[in-house]
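Trainee: Build me a model:
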Amino acid sequence: MQLKQNNKYIRINDFLMEHNYPNFRMKQILNAIFKEKIDKFNEMNVLPKSLRENLVREFGESILDVTPLMEQHSEQVSKVLFGIAGDEKIETVNMKYKAGWESFCISSQCGCNFGCKFCATGDIGLKRNLTSDEITDQILYFYLKGHSIDSISFMGMGEALANVQVFDALKVLTNPELFALSPRRLSISTIGIIPGIKKMTQNYPQVNLTFSLHSPFNEQRSKLMPINERYPLSDVMDTLDEHIRMTSRKVYIAYIILPGVNDSIKHAKEVVNLLRGRYKKGNLFHVNIIRYNPTVSSPMRFEDVNENQVVNFYKELKSAGINVTIRSQFGIDIDAACGQLYGNYQKNTK
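Mentor: Residues are numbered from 1 along each chain as shown. All right, here's what the predicted structure looks like:
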């Protein structure tokens, strides 16, 4: 199946120019979408009827390339299963904080082929990369419904830096004529794709970067995360050092606590050693400790998290002067936690 590479906003503009419509028509379309929150071309009444019909004929009835199939809600979290071209599915998570802030966790791939041992998404393999429209439409869907787009993290299905379309999506999200989001409200999470990190440093220095560590020991990390064979931990850390040096921006370290595997004081001490040996003694690294959530279909199963182990791990890092927080747990009751997206749905439909 041939997927369009240019984003829809470029394609619509090209279509208008090819058919000799005046320049202001594109402004009217963007105004209808981003100011009036209209998603159907036929309802953009500011446009001539003939143009609306031509747009529907060329691009379909709706501006959206994703179709909501199912929604699940808990107190602060909503999870939407979207249908995309090729009869595939992706998931997006919306988190509402009590202060009124809304955060979105979006997918960049349908599935994932990196095979991390604790992740349900990786267990289904890679179906395909998402187009930039499919990435940004996850946000557009919520925006059109009146949600406040306060922050976006590329931490849903897939490895963001393995899909080149993510960079076009960042361009769309930060474009002042489109979503007009500050790069500082965006976060990219990676398992350590070095060429992608370098591209981020060069092209999007203000976008937040999160590195999934999960073990400070090279051999163990390779067993948990096979990508470590291709991009070894020491090389990734050197690349992150360079990112910090070039951007003066903090880098986040995600660390999922896997009970009995990576939650020992020995691991905590090695995380301290790993970070303290970096640029500016690791002061621009911030560790996010994440409690493991048992998933239906991850390749390896782990015990329930021991809260004492989590606290002790945290204290070990904190007392060594490492910037560290324990991430709040959201969405466990609707399987919206890290690594659970689509995996459970996939199993339930077989």
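Trainee: Ala180 - how many residues pack around it?
Mentor: Using other CB atoms under 10 Å, Ala180 has 11 neighbouring residues. (Glycine included, C-beta is placed from N, CA and C.)
Trainee: tell me the contacts of it?
Mentor: By CB atoms under 8 Å, 6 or more residues apart in numbering, the residues touching Ala180 are 34, 174.
Trainee: mind checking the SS state of it?
Mentor: With DSSP: H, G, I helix; E, B strand; the rest coil as the basis, the three-state label of Ala180 is coil.
Trainee: likewise Tyr9?
Mentor: helix.
Trainee: when you give positions from now on, start the count at 571
Mentor: Sure, I'll start numbering at 571, so the last one becomes Tyr579.
Trainee: okay, now it: neighbour count?
Mentor: Neighbour count of Tyr579, defined by other CB under 10 Å: 21.
Trainee: ok, it touching Leu600?
Mentor: Yes - Tyr579 lies in contact with Leu600 (CB atoms under 8 Å); the separation is 7.4 Å.
Trainee: which neighbours do these two share?
Mentor: What both Tyr579 and Leu600 touch, as defined by CB under 8 Å, 6+ apart, is the set Leu748.
Trainee: Low-confidence ranges, this structure, go.
Mentor: 571-575, 864-870, 899-920 (pLDDT under 70).
Trainee: what about the helices in the stretch 571-720 of the chain?
Mentor: 578-588, 594-604, 619-629, 690-693, 702-714 (DSSP state H, counting those that start in this stretch).
Trainee: which residues sit against the second one?
Mentor: Helix 594-604 has contacts (CB under 8 Å, 6+ apart) with 579, 582-583, 586, 608-609, 613-614, 616-617, 621, 625, 633, 710, 713-714, 747-750.
Trainee: try it again with 6 Å
Mentor: 583, 586, 608, 614, 616, 633 (CB atoms under 6 Å, 6 or more residues apart in numbering).
Trainee: same deal with the last one?
Mentor: Contact partners of helix 702-714, identified using CB under 6 Å, 6+ apart, comprise 577-578, 607, 609, 634-636, 654, 662, 676, 678, 719, 735, 738-739, 742.
Trainee: ok so, going back, out of the helices of the stretch 571-720 of the chain, indicate the one that is most buried.
Mentor: Mean neighbours per residue, mean count of other CB atoms under 10 Å, is largest over those for helix 690-693, with a mean of 26.
Trainee: other SSEs contacting that helix?
Mentor: If contacts are counted by 3 or more CB pairs under 6 Å, 6 or more residues apart in numbering; DSSP states H and E, helix 690-693 sits against helix 913-918.
Trainee: what about Gly830, neighbour count?
Mentor: Gly830, neighbours per other CB under 10 Å, totals 10.
Trainee: can you pull the contacts of it?
Mentor: Residues in contact with Gly830 (CB under 6 Å, 6+ apart) are Glu873.
Trainee: Now it, what are its backbone angles?
Mentor: Taking degrees, to the nearest 10, you get phi 80, psi 0 for the backbone angles of Gly830.
Trainee: Return the distance of it relative to Val841.
Mentor: 17 Å (CB to CB, to the nearest Å).
Trainee: Likewise for Val894?
Mentor: 9 Å.
Trainee: The two: who's more crowded?
Mentor: For Val894 versus Val841, neighbours defined as other CB under 10 Å are more numerous around Val841 (27 against 23).
Trainee: any idea which helix or strand carries the more buried one?
Mentor: Assigned by DSSP states H and E, Val841 falls within helix 835-846.
Trainee: next one: Tyr884
Mentor: Going by DSSP H and E, Tyr884 is in helix 877-889.
Trainee: That helix - contacts with which helices or strands?
Mentor: Counting by 3+ CB pairs under 6 Å, 6+ apart, helix 877-889 packs on helix 835-846, strand 893-896.
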